[in-house]
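here is my input, please return the structure:
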Amino acid sequence: MTDFALHDVDSAPERAKPLLEGSKKNMGMIPSLHAVMAEAPGLLEGYQTLHGLFTNTSFNANEQTVVWQTINVENECHYCVPAHTGIANMMKVPEEITEALRNETPLPDDKLEALRDFTLAVVRKRGKVTKDALQAFYDAGYEQQQVLEVVLGVAQKTMSNYVNHIAETPIDEPFKKFEWTRKKS
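Numbers count the residues shown, from 1 in each chain. Next up, the predicted model:
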């Protein structure tokens, strides 16, 4: 582990204290990710804001999970894959969806697969998606709003995935049972 501080409400910079208090109130704990981000209160606030905005998109729980986990797996985030597995369970996302995302196997629904494909295109091409990729997304039943909401999800997960890589954020106890490493092809 690197030497990044894991802040609590007492040790955090003043501006981060209410943000960590909110985490504890909403989640019953301060996730390690938030504890690390608290060192830069603007980062933690931005992440929490993006999270709130993404959870209020037009995507349902299954679709939110597809966007989040697709990005987490693509970026090989040791922290976010287990955390979002636990979150998906709390959101009542079917296990077959969660496992397909974690294992990079086909999803049980063509529309969700199109969402994963488009999310991967956005991440891999850094937004420079082809007209064919965009059309395939539209053909699956999505619209311009969802294109932009995928970008919102990418922004949120980029923040967390990068912080976790740099800080080597320890996995929270409730999510350790969902530890993950990418299977080699």
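
nearest residue to residue 89 other than its sequence neighbours?
residue 98 (7.4 Å; Cβ to Cβ, 6 or more residues apart in numbering). (Glycine included, C-beta is placed from N, CA and C.)

residues near that neighbour, how many?
23 (other Cβ atoms under 10 Å).

in whichever strand or helix holds it, what's buried?
Per DSSP states H and E, residue 98 falls inside helix 95-103. Within helix 95-103, the residues that count as buried by 16 or more other Cβ atoms under 10 Å are 97-98, 100-102.

now do that helix: everything it contacts.
With Cβ atoms under 8 Å, 6 or more residues apart in numbering as the contact definition, helix 95-103 has outside contacts at 62, 65-66, 69-70, 73, 81, 85, 88-89, 105-109, 112, 116, 180, 183.

mind doing that once more with 10 Å?
61-63, 65-70, 72-73, 81-82, 84-89, 91, 93-94, 105-109, 112-113, 116, 178, 180, 182-183 (Cβ atoms under 10 Å, 6 or more residues apart in numbering).

relative to residue 78, how far out is residue 93?
21 Å (Cβ to Cβ, to the nearest Å).

whoops, I mixed them up, residue 162
Residue 162 is 13 Å from residue 78, by Cβ to Cβ.

one more: residue 5?
19 Å.

these two: which has the busier surroundings?
Neighbours per residue (other Cβ under 10 Å) separate residue 5 from residue 78, with residue 78 holding more: 20 against 12.

not counting sequence-adjacent ones, nearest residue to that one?
residue 164 (6.7 Å).

name the element the residue nearest the centre of the chain belongs to?
When Cα atoms, centre = their mean is applied to the chain, the residue found nearest the centroid is residue 68 (3.8 Å). Per DSSP H and E: residue 68 is located in helix 61-74.

what's the answer for residue 52, then?
Going by DSSP H and E, residue 52 is part of helix 41-55.

give me the buried stretch members for stretch 78-95, please.
Those would be 78-88, 93, for stretch 78-95 by 16+ other Cβ under 10 Å.

pLDDT on that stretch, on average?
Mean pLDDT, computed over stretch 78-95, is 97.

and what of stretch 31-49?
98.

quick one: low-confidence residue ranges for the chain.
Low-confidence segments of the chain (pLDDT under 70): 1-2, 185.

try 80 this time
Along the chain, segments meeting pLDDT under 80 span 1-2, 184-185.

which residues of it fall in helices?
17-27, 32-37, 41-55, 61-74, 80-90, 95-103, 110-124, 131-139, 144-167 (DSSP state H).

what's the domain layout of this protein?
14-54, 59-178 (automatic domain parsing).

check contacts around residue 152.
50, 53-54, 57, 59, 67.

what is the burial count for residue 61?
16.

ok, it to residue 100 distance?
Residue 61 is 15 Å from residue 100, by Cβ to Cβ.
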